[in-house]
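Trainee: Build me a model from this:
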Amino acid sequence: MGAYRYKVQKGGFGLFLGIAAEVTYLTDVPTPGAPVSNRVWLDASEVVNAFHGNRLVLNEREVAWLRAGLGQVSGDIERIETSPYILISVRALEIFEVNYAEEALAPAIAGWAAETFAFTPRNCTVSHDSTTGQFTVDWDE
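Mentor: Residues are numbered from 1 along each chain as shown. As a prediction, the model looks like this:
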């Protein structure tokens with residue numbers, strides 16, 4: 001299992017999110033999880049808080065951000081790995097409540113994948129609208 005820490009500090013905001021996940025190579029369709037692409041699947045059903053050890057139940061938006069980030073790099077993973085199915089299981093998150101934004105899940109899992117599968121990370125810019133409090137994640141494509 002590998003861990004990755006995503007950090008960004010800009011102007012009036014900062015984000016930090018640690019993520020630990022593991023890869024399982026399968027010949028049959030994965031039982032847990034859901035497809036992100038033809039061969040890459042995501043399972044976020046057994047996640048713990050890395051600081052406190054308690055179980056985290058991710059909401060639909062959080063899982064969607066994980067899927068979005070993994071979707072950005074699934075083609076890179078599929079070019080490197082030849083297994084019929086590649087299951088990415090998120091096992092732990094390091095979350096500081098004071099600077100947690102679920103949008104950080106996307107670049108965090110994409111960074112984890114780039115490090116784990118040894119490909120060049122995708123450029124990603126996170127911006128924050130101080131008026132609305134919304135974060136935006138833009139991928140250089």
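Trainee: how close does the residue nearest to residue 102 when sequence neighbours are not counted get to residue 101?
Mentor: Of all residues not flanking residue 102 in the chain, residue 62 sits nearest, at 4.8 Å (CB to CB, 6 or more residues apart in numbering). The way it works is simple: take the backbone N, C-alpha and C, and place the C-beta from them, glycine included. Distance from residue 62 to residue 101, counting by CB to CB, to the nearest Å: 10 Å.
Trainee: what's the answer for residue 26, then?
Mentor: Residue 26 sits 32 Å away from residue 101, going by CB to CB.
Trainee: Between these two, tell me which one has more neighbours.
Mentor: Taking neighbours as other CB atoms under 10 Å, residue 26 and residue 101 compare with residue 101 leading, 17 against 14.
Trainee: any idea which helix or strand comes after the longest strand anywhere in the chain?
Mentor: Secondary structure of the chain per DSSP state E: the longest strand is strand 13-26. Moving toward the C-terminus from strand 13-26, the next helix or strand (DSSP states H and E) is strand 34-35.
Trainee: How about the helix or strand of the chain with the lowest mean pLDDT, which residues are buried there?
Mentor: Scoring the helices and strands of the chain by mean pLDDT, DSSP states H and E places strand 124-128 at the bottom, with a mean of 84. If you call a residue buried by 16 or more other CB atoms under 10 Å, then strand 124-128 has these buried ones: 124, 126, 128.
Trainee: cool, and stretch 28-42?
Mentor: In stretch 28-42, counting by 16+ other CB under 10 Å, buried: 30, 33, 36, 37, 39, 40, 41, 42.
Trainee: Please apply the same query to stretch 95-108.
Mentor: Those would be 95, 101, 102, 103, 104, 105, 106, 107, 108, for stretch 95-108 by 16+ other CB under 10 Å.
Trainee: pLDDT on it, on average?
Mentor: Averaging pLDDT along stretch 95-108 gives 85.
Trainee: Just give me the longest helix of this structure.
Mentor: Longest helix in the chain, counting residues (DSSP state H): helix 60-80.
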